[in-house]
Each structure stands twice: as structure tokens, then as C-alpha cells.
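Trainee: with the sequence up front, the predicted model follows.
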Amino acid sequence: MTDVAYEPIPISPDSSKNAENEKYHTFVNLALALAAQGKEESAAEAADMLCHILVGLRAKGVSLEEVSTALKARQGVSGLDEKASRSS
């Protein structure tokens, strides 16, 4: 795949303090980098996303061991079946 022109989406000054907009912004930039850019840009955007994930997990008191356990429980299970099995 050939890299195409790509510019990260800037956050507007009005929304820069909005955590929800920041998460959306980070996710969109990661998706764009994965679709249209090379390894370096994709790694940089993934690092941003992982930083947000780690901060959020820490804020909720969720350990990486708990995340690993959840991933292991999903092994061999379709995404649709796993989602249907969650309690509301």
C-alpha cells in the first residue's frame, strides 16, 4: 500500500478541554494513520491512544492483569458472542 497525504485532525480551541472530544480525536487520527500512513505515523498515533487507555484504566483502578484476564477469556470466542454474554 502506498502512503497517501495525511494530516492529523486538529482539535478546535473550543473543544481542547473536552475529554470526550480528545478521545474521539485520538481514535480518528489513529484510524487515519493506520489506513493511510506508514509505520512511524501509525506507531505515534497508537502511542497517543495507548496513553489515553492507560490513564483511563488507572483512573478506574483497573490493572493490566485484569485486562489480560479479560482478553484471555475472549480467546476463541466471537466478538458478537462475547458482547452478548456481558451483563447489562
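Mentor: Arrived safely. Predicted model, so just to flag it, every value in this text is computed and none were measured. Numbers count the residues shown, from 1 in each chain.
Trainee: which residues in the protein form helices?
Mentor: Applying DSSP state H to the chain gives helices spanning 19-36, 39-60, 64-74, 79-85.
Trainee: save those as TSV, and put in mean pLDDT too.
Mentor: Listed next are those as TSV, based on pLDDT from 0 to 100:
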stretch	mean pLDDT
helix 19-36	79
helix 39-60	91
helix 64-74	93
helix 79-85	80
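Trainee: highest average neighbour count across those helices?
Mentor: Most buried of these by mean neighbour count (mean count of other CB atoms under 10 Å) is helix 19-36; its value is a mean of 15. (Glycine included, C-beta is placed from N, CA and C.)
Trainee: just checking, what packs against it?
Mentor: helix 39-60 (3 or more CB pairs under 8 Å, 6 or more residues apart in numbering; DSSP states H and E).
Trainee: export the helix it packs on as CSV, just CAs?
Mentor: Coordinates of each C-alpha in helix 39-60 appear next as CSV, following Å, rounded to 0.1, in the frame of the first residue of the first chain:
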residue,chain,number,x,y,z
LYS,A,39,4.7,2.6,10.4
GLU,A,40,6.2,5.6,12.1
GLU,A,41,3.0,7.7,12.0
SER,A,42,0.9,4.7,13.0
ALA,A,43,3.1,4.0,15.9
ALA,A,44,3.0,7.6,17.1
GLU,A,45,-0.8,7.7,16.9
ALA,A,46,-1.1,4.3,18.6
ALA,A,47,1.1,5.6,21.4
ASP,A,48,-1.3,8.5,21.9
MET,A,49,-4.2,6.1,22.1
LEU,A,50,-2.4,3.7,24.5
CYS,A,51,-1.6,6.7,26.7
HIS,A,52,-5.3,7.5,27.0
ILE,A,53,-6.2,3.9,27.6
LEU,A,54,-3.6,3.6,30.4
VAL,A,55,-4.6,6.8,32.1
GLY,A,56,-8.3,5.7,31.9
LEU,A,57,-7.6,2.3,33.4
ARG,A,58,-5.5,3.8,36.2
ALA,A,59,-8.4,6.3,37.0
LYS,A,60,-10.8,3.3,37.2
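Trainee: report the angle between the axes of it and helix 19-36?
Mentor: Angle of helix 39-60 versus helix 19-36, following axes from the mean of the first three to the mean of the last three CA atoms, to 10 degrees, is 150 degrees.
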